[in-house]
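Undergrad: Any chance you can model this:
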Amino acid sequence: MKLDESIFKAYDIRGIYPNQINSQLYKAIGTAIGNVLGAKTGVVGRDMRNSSPELAGSLIDGLREAGVAVTDIGLVSTDSMYFAVGKYNFDCGAIVTASHNPPEYNGLKTCKTNAEPLSSEKELAAIKDLVKNDQFKAAKKTGSLARKDIIEDFIDHTLSFIDISALKPFKIVVDAGNGMGGIIVPRLFKKLPCRLIPMYFELDGNFPNHPANPIEPENIADLRRRIIEEKADFGVAFDGDADRMFLIDENAKPLGGDMVTALVARSMLVKNPGAKIIYNLICSKAVAETITRAGGTPIRTRVGHAFIKSLMKEHNAVFGGEHSGHFYFRDNWYADSGLIAFIICLELLSQSDTRLSELVASLDTFYRSGEINSRVENIPAKLDELIDAFPQAQIDRLDGVTIDSGDYWFNVRPSNTEPLLRLNLEANSKTLLEQATKNVLGIIRG
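TA: Numbers count the residues shown, from 1 in each chain. Predicted coordinates for the structure are as follows:
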């Protein structure tokens, strides 16, 4: 089969429909998944994109040709698909989604038993080769097809992480971005004492209000205004497939994923004293400090869910967080869930007797640049130049280059897909942040 191999990313499949991905391809991928994993049972969900029903149907057909008994769970969030695989003991799972990408895209997130991600170097590579070479093995008997609504069970599982009776009746603005949060969040709030103010809950793969990517400031502008207008206690934004969650405080100030990681870690350590917590190296130093003060053991890792999930299993870590808004839980089959992170933060805030802004301020004393991208043609040479420029600093190469000069530190790592270097810098003061950022960018762009 003619295949644009660029659609196979580090952790999933993404491409433009119908030029890069189409029904024929998804049927082939379905059969290949069944062949590579040797799966007998599988679950398939989809998001609200215009092409998702067609692609999900073809994926199901392919899986069934490989002999997989498929359960179609319909319109769901990505984290609820992971839940379904773990809870009901399926051999594999998949959701047709392109997450936060623009409307013309679609994609596929997959996992194997216990919601374990497929390796780009192993299973995904094998699936790609089978599709490219048309080397499928059709089963003697076509797999069966069933349908199941799993959302209620998923919400009950989510609520098992907290004491619902401890929750206060907060007023919360939630922006679903016309994505899958529009289905999941209302059913969750039916069981909460909180008042929900919904924004853009209508499922619409054209994203008529704004792209479903809350990490970009312009995409949460409406939510920030609404928080002030409603005098809400705080706001929440979900991305397109609702697996990432972002908090905005009562003053309409967005919290970084690292601050949410610190909040969730603090709560998890109350219930799991002395536990290990995983965080990626882009996160603020405040994360490790919070974990240590709360009696836990912080473990620093590379960026990316495959690294975090693997390390969590190795250390039996109770929780892992990323600056990008992905939050992972041991008792959720090590899978990520924005909804679980949200409900834990809701419980923590209910117990704290402080506003969200005050709760975060008690943890965070640093100033951050955010991610700054620069086009660089010779990335290895530029990384070496940065190392040479800071001879007295502590340096490691865990993921790109991290350089710690004491009063400030920064990480510079290459993009997986473009000739870009991504800079994240943190300092002890705003003045130092501005000076250090200017200095480091001068080297990168010089």
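Undergrad: Show the backbone phi and psi for the residue nearest to Leu188 when sequence neighbours are not counted.
TA: With C-beta to C-beta, 6 or more residues apart in numbering as the criterion, Leu188 has its nearest non-adjacent residue at 5.2 Å, and that residue is Ile155. Using the backbone N, CA and C atoms, a C-beta is placed for each residue, glycine as well. With angles defined as degrees, to the nearest 10, Ile155 sits at phi -70, psi -40.
Undergrad: quick one: contacts for Ile155?
TA: Listed by C-beta atoms under 8 Å, 6 or more residues apart in numbering, the contact partners of Ile155 are Ile184, Arg187, Leu188, Lys191, Leu339.
Undergrad: Who wins on neighbours among those residues?
TA: Using other C-beta atoms under 10 Å as the neighbour criterion, Leu339 leads those with 28 neighbours.
Undergrad: Per-residue pLDDT of the residue nearest to that residue when sequence neighbours are not counted, please?
TA: In space, and not counting its chain neighbours, Leu339 is closest to Thr158: 5.2 Å by C-beta to C-beta, 6+ apart. Per-residue confidence (pLDDT) for Thr158: 98.
Undergrad: do the same with Glu65
TA: Reading off the model, Glu65 has pLDDT 98.
Undergrad: Domain map for the protein?
TA: Domain segmentation of the chain under automatic domain parsing yields 5-149, 150-361, 367-444.
Undergrad: Enumerate every residue touching Ala306.
TA: Ala306 sits next to Ala10, Tyr11, Pro117, Ser119, Ser120 when contact means C-beta under 8 Å, 6+ apart.
Undergrad: re earlier: in terms of helices and strands, where is the residue nearest to Leu339?
TA: Assessed by DSSP states H and E, Thr158 sits inside helix 151-159.
Undergrad: got the buried residues for that helix?
TA: Neighbour-count burial for helix 151-159 flags Ile151, Phe154, Ile155, His157, Thr158, Leu159 (criterion: 16 or more other C-beta atoms under 10 Å).
Undergrad: now the residues you listed in a markdown table, with distance to Val318?
TA: Putting these into a markdown table (distance: C-beta to C-beta, whole Å) gives the following:
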| residue | distance to Val318 |
| --- | --- |
| Ile151 | 25 |
| Phe154 | 20 |
| Ile155 | 21 |
| His157 | 16 |
| Thr158 | 16 |
| Leu159 | 18 |
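Undergrad: picking up where we left off before, please give me every residue in contact with the residue nearest to Leu339.
TA: With C-beta under 8 Å, 6+ apart, Thr158 has these contacts: Leu188, Ser337, Leu339, Ile340, Ile343.
Undergrad: Give the closest residue to the residue nearest to the spatial centre of the chain in space, chain neighbours not counted.
TA: Nearest to the geometric centre of the chain sits His326, at 3.4 Å (C-alpha atoms, centre = their mean). Counting by C-beta to C-beta, 6+ apart, His326 lies nearest to Asp336, which is 4.6 Å off, once chain neighbours are set aside.
Undergrad: That neighbour contacts Phe319, doesn't it?
TA: No. When contacts are counted by C-beta atoms under 8 Å, Asp336 is not listed as touching Phe319 (10.5 Å).
Undergrad: who has more neighbours, these two?
TA: When Asp336 and Phe319 are compared for neighbours, Phe319 comes out ahead with 29 against 26, by other C-beta under 10 Å.
Undergrad: Surely that one and Ile278 touch.
TA: Yes. Phe319 lies in contact with Ile278 (C-beta under 8 Å); the separation is 7.3 Å.
Undergrad: Overlap of the contact sets of these two?
TA: Joint contacts of Phe319 and Ile278 (C-beta under 8 Å, 6+ apart) are Tyr328.
Undergrad: which element is Gly107 on?
TA: Short version: Gly107 belongs to strand 105-112, going by DSSP H and E.
Undergrad: Same check on Leu383?
TA: Here Leu383 is assigned to helix 379-389, by DSSP H and E.
Undergrad: Please apply the same query to Leu188.
TA: helix 181-189.
Undergrad: CA-only coordinates of that helix, as PDB, when you get a sec.
TA: Listed next in PDB are the C-alpha coordinates belonging to helix 181-189 (Å, rounded to 0.1, in the frame of the first residue of the first chain):
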ATOM      1  CA  GLY A 181     -15.000  17.300  27.300                       C
ATOM      2  CA  GLY A 182     -18.500  18.300  26.100                       C
ATOM      3  CA  ILE A 183     -19.700  14.800  26.600                       C
ATOM      4  CA  ILE A 184     -17.600  13.800  29.700                       C
ATOM      5  CA  VAL A 185     -17.800  16.900  31.900                       C
ATOM      6  CA  PRO A 186     -21.600  17.200  32.200                       C
ATOM      7  CA  ARG A 187     -22.000  13.600  33.300                       C
ATOM      8  CA  LEU A 188     -19.200  14.200  35.900                       C
ATOM      9  CA  PHE A 189     -20.800  17.300  37.300                       C
END
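Undergrad: list the buried ones in the very next helix or strand once past that helix?
TA: Using DSSP H and E, the next helix or strand after helix 181-189 towards the C-terminus is strand 195-199. Under the neighbour-count criterion of 16+ other C-beta under 10 Å, strand 195-199 has Leu196, Ile197, Pro198, Met199 buried.
Undergrad: which residues does the closest residue to the last one other than its chain neighbours contact?
TA: Here the nearest residue to Met199 in space, its sequence neighbours aside, is Asp175; by C-beta to C-beta, 6+ apart that works out to 4.3 Å. In this structure, Asp175 makes contact with Met199, Tyr200, Pro214, Ile220, Asp222, Leu223, Arg226, Gly235, Val236, Ala237, Phe238, judged by C-beta under 8 Å, 6+ apart.
Undergrad: The same query, at a cut-off of 10 Å, please.
TA: 181-182, 185, 197-201, 209-210, 212, 214, 219-220, 222-224, 226-227, 235-238, 246, 248 (C-beta atoms under 10 Å, 6 or more residues apart in numbering).
Undergrad: Spit out the contact partners of the residue lying closest to Gly143 once chain neighbours are set aside.
TA: Closest residue in space to Gly143, ignoring its immediate chain neighbours: Arg64 at 4.0 Å, by C-beta to C-beta, 6+ apart. Contacts for Arg64 (C-beta under 10 Å, 6+ apart) come out as Lys27, Gly30, Thr31, Gly34, Gly42, Val70, Ala139, Lys141, Thr142, Gly143, Ser144, Leu145.
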